[in-house]
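**Q** Please find the sequence and the predicted model below.
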Amino acid sequence: MEDHQALSESAQKMGITGNFHLLSKTARIKNGIGRTPEDVLGWDYIVKDDVGTCYKYYAAQPPLIGMSYPEPIECPLGIRVINNYEVKFQQAIEKMQQLDCGGAFVGLGLYWVLSPLSTNPEWHIRTDIGSEIVVNANTDEANCLSYK
């Protein structure tokens, strides 16, 4: 994951050493609503180091450039470390477009819920009509959840 390499380099310049492990990433979306992967401007990351300290930072989505300094934060509850995932956000957006669950996304994030029932990290996409699409980040299986 290229973003973590950039974070590691940035952190080392600030005297923070060690490996970082992804806990979550949440998209910043152009004008608050997106239809294509190009509408994702960048990501708010939460990562955990080997010692157990959590940090948040922002990294732009290429070809945009830029990254914020990592800030220590209290580690969030209810999610676990994501060591690897196969389905990238572009594929998750493609899945959204195949479902009749909304034509645009207003929220997009990746995390792995700390539950015995959750066996893989998942992409969560909130659509413009208030539905939530959950895409398994390893198998690309998708479900549309409507809340009425």
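**A** Arrived safely.

**Q** domain ranges for this protein?
**A** 2-73, 89-145 (automatic domain parsing).

**Q** Give the rounded mean pLDDT of the first one.
**A** In this model, domain 2-73 carries a mean pLDDT of 87.

**Q** ok, back up a step: comparing the domains of the chain, which comes out most buried?
**A** domain 89-145 (a mean of 17; mean count of other C-beta atoms under 10 Å). Quick note: C-beta positions are derived from backbone N, CA and C, even for glycine.

**Q** What helix or strand is the spatially most central residue of the chain located in?
**A** Residue closest to the mean C-alpha point of the chain, counted by C-alpha atoms, centre = their mean, is residue 25 at 2.5 Å. Assigning secondary structure by DSSP states H and E places residue 25 in strand 20-29.

**Q** Residues in contact with the following helix or strand past that strand: which ones?
**A** Once strand 20-29 ends, the next helix or strand along the chain (criterion: DSSP H and E) is strand 40-49. The contact list for strand 40-49 (C-beta atoms under 8 Å, 6 or more residues apart in numbering) reads 3-4, 7, 16, 18-30, 34, 54-61, 64, 66, 70, 73, 75-76, 81, 89, 108.

**Q** So which elements touch the very next helix or strand once past strand 40-49?
**A** Using DSSP H and E, the helix or strand that follows strand 40-49 towards the C-terminus is strand 54-60. Counting contacts by 3 or more C-beta pairs under 8 Å, 6 or more residues apart in numbering; DSSP states H and E, strand 54-60 packs against helix 2-13, strand 20-29, strand 40-49, strand 71-73.

**Q** again, only using 7 Å
**A** Here strand 54-60 touches helix 2-13, strand 40-49, strand 71-73, going by 3 or more C-beta pairs under 7 Å, 6 or more residues apart in numbering; DSSP states H and E.
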